[in-house]
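Student: Predicted model and sequence follow; I will ask about them next.
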Amino acid sequence: MVKRVGILTAGGDAPGLNAAIRGFGRAAVGEYGIELIGFLDGIRGLAENRFVTLDSSSLSGILTQGGTVLGTSRDKVHRMQVGESEKDMSEKILKVYEKNKLDAIVTLGGGGTAKNALRLQKAGINVVHLPKTIDNDIWGTDNSIGFATALEIATEAVDRLHSTAHSHHRIILVEIMGHRAGWLALGAGIAGGADIILIPEIPYNIEKVVEKIEHRKKLGKHFSVIAVAEGAMDVEYAQRIRIADQLIKDADSPETKALAKHNKDRLTDAHREATFDLARKLETMTGLESRVTILGYVQRGGTPVGADRLLATRLGAAGAAAVADGITGVMIATKGGNAVNVPLEKIAGKVKFVPTDHEWVKTAREVETGLGD
Ligand code: F6P
C-alpha cells in the first residue's frame, strides 16, 4: 500500500512543471489517498531534507503558472558540491527517504534528471520520472513537458524578426535553445518561416548558407532570417568535436582522460560565440548587414500553452496511477498519444537527436528552407 510520496523538480525550469505537480498531486492525493510532500530546489533539497506538504489547497491555482513552485537546481546525486568538495549523496538521500517514510519519489526533469533518477533507484529508492524539457531531447518519449510552449515563443520570435530583417535588408540570426539537439530551432524555424535553419545534427557549410542568401537576393529578397540552434556547428567544428570525443573514449589512464576532457572543454569554450562569429562572416561574405538575437530564457518563461498543460496533466495523473500500483524505476512517456511506462535503464544517458531523415527535415527541404548542407 503506497502511503507517502515525495516529488521534486530538477534541471532547467520549463513551462508546465506546475501543471505536472498539480496533475500528479490531484490524482495522488484525491484519487489514491496518498500523502504528498514536495522537496525544494531539486536534488539539493532532497539531500538536505527540505520539503513542504502538498495538499489540495497548495495544489490549487498553479496550473497556469510558469517556473516551478518547488524551485529547481542542476545538482547531481553522485557529485554534489558541498562546501569545497563534491560528494556522492546517494546514502544521505536514502536516509532522508527512510526518515520521511516515503514509498516513492517522483522526479520531474530532463535527461540529466533521468540519470539521477536511475541512480536513486539503484540506491534502493522507488522512483518514477516525468519528462520535461523545452529541448524535447529525452529518449523514449515523443514529447516532453515545456517543448510546446517554447515552440510557440520561438516561432513568434522568428515571425517578428522578419519585420526588421526585410525593412532594413538585413540578415538576422536568431539563436534558439535546444542544448545539443535541434528540435526547437527546426520546429520554430519551419513554423515561423525561417529562410535557413541550422541544427547540430546537420553540420553546416558556410558556403552553402551564403549560396542560399545570394539566391534570395537574386529573387529580390534582400534579407534572410536564420534560425540557429544553440548547438549548431559547421562541418569543421563537428569534425574536431568528433576527434575530441574519440580521444576521451580511447584514453587509457585517468590522466590522459582528464587531459582529453580539458582539450574538449577548451574547444567548446571557444565555440560559445559561434552565432556572432557566423553573423560577422555572413556580413563580410554577402555584403548584407547582419544582426544576432539570442532568445535565451524568454523561451522557457511564463504560462504554459494548452498542449503543455494537457501533456503535464496526463503524464502527472498517469504517474500517480503508476506509483499507486507500485510501479517503479520507470519514466512515464507519451507514445502515439498514450501514456506508457519506459524503464529508466533504457533511457538514462541517451539523447534523442533529430534524425537527419526526420519528416520535419524533409518538410523544411521541401519548402526550400536552407539547412546549410
Ligand atoms: O535544457 C533546457 C535548457 O534551457 C537548454 O535549452 C539550455 O542549453 C540550458 O537549459 C540552459 O541552462 P541553464 O539554465 O543552466 O543556463
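Tutor: In hand now; what should we look at?

Student: ok, now which ones touch E211?
Tutor: Going by Cβ atoms under 8 Å, 6 or more residues apart in numbering, E211 touches G370. C-beta coordinates here come from the backbone N, C-alpha and C atoms, glycine included.

Student: going forward, begin numbering at 150 instead of 1
Tutor: New numbering, starting at 150: the last item is E360.

Student: So it versus the ligand, what's the distance?
Tutor: Counting by Cβ to the nearest ligand atom, to the nearest Å, the gap between E360 and the ligand amounts to 29 Å.

Student: Next, that residue: phi, psi?
Tutor: Dihedral angles of E360 (phi, psi; degrees, to the nearest 10) stand at phi -50, psi -40.

Student: same deal with H411?
Tutor: Dihedral pair for H411: phi -60, psi -40, per degrees, to the nearest 10.

Student: And E324, by the same measure?
Tutor: phi -90, psi 120.

Student: Check V491 too.
Tutor: phi -120, psi 130.

Student: That one - how many residues pack around it?
Tutor: 19 (other Cβ atoms under 10 Å).

Student: residues touching the closest residue to the ligand within the stretch 300-449 of the chain, list them.
Tutor: The ligand sits closest to M326 of the stretch 300-449 of the chain, with a gap of 3.3 Å, by Cβ to the nearest ligand atom. M326 makes contact with 283-284, 299, 303, 333, 379, 444-445, 448-449, according to Cβ under 8 Å, 6+ apart.

Student: at 7 Å what do you get?
Tutor: Counting by Cβ atoms under 7 Å, 6 or more residues apart in numbering, M326 touches 283-284, 333, 379, 444, 448.

Student: again with T202
Tutor: Taking Cβ under 7 Å, 6+ apart, we find T202 in contact with I186.

Student: Pull up the gap between it and the ligand, please.
Tutor: 28 Å.

Student: That residue: helix or strand, and which one exactly?
Tutor: Assigned by DSSP states H and E, T202 belongs to strand 200-203.

Student: Repeat that for Y246.
Tutor: Y246 belongs to helix 239-248 when assigned by DSSP H and E.

Student: could you dump the longest helix seen in the chain to CSV, C-alpha only?
Tutor: In the chain, with assignment by DSSP state H, the single longest helix is helix 296-317. C-alpha atoms of helix 296-317 as CSV (Å, rounded to 0.1, in the frame of the first residue of the first chain):
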residue,chain,number,x,y,z
PHE,A,296,8.5,21.9,-25.6
ALA,A,297,5.1,23.1,-27.0
THR,A,298,5.3,26.4,-25.1
ALA,A,299,8.9,27.1,-26.1
LEU,A,300,8.0,26.3,-29.7
GLU,A,301,5.2,28.9,-29.6
ILE,A,302,7.5,31.5,-28.1
ALA,A,303,10.4,30.8,-30.5
THR,A,304,8.0,30.7,-33.5
GLU,A,305,6.6,34.1,-32.6
ALA,A,306,10.1,35.5,-32.3
VAL,A,307,11.0,34.2,-35.8
ASP,A,308,7.8,35.8,-37.1
ARG,A,309,8.5,39.1,-35.5
LEU,A,310,12.2,39.3,-36.6
HIS,A,311,11.0,39.2,-40.2
SER,A,312,9.8,42.9,-39.9
THR,A,313,13.3,44.3,-39.1
ALA,A,314,15.0,41.9,-41.5
HIS,A,315,13.1,42.9,-44.6
SER,A,316,12.7,46.6,-43.6
HIS,A,317,16.5,47.0,-43.1
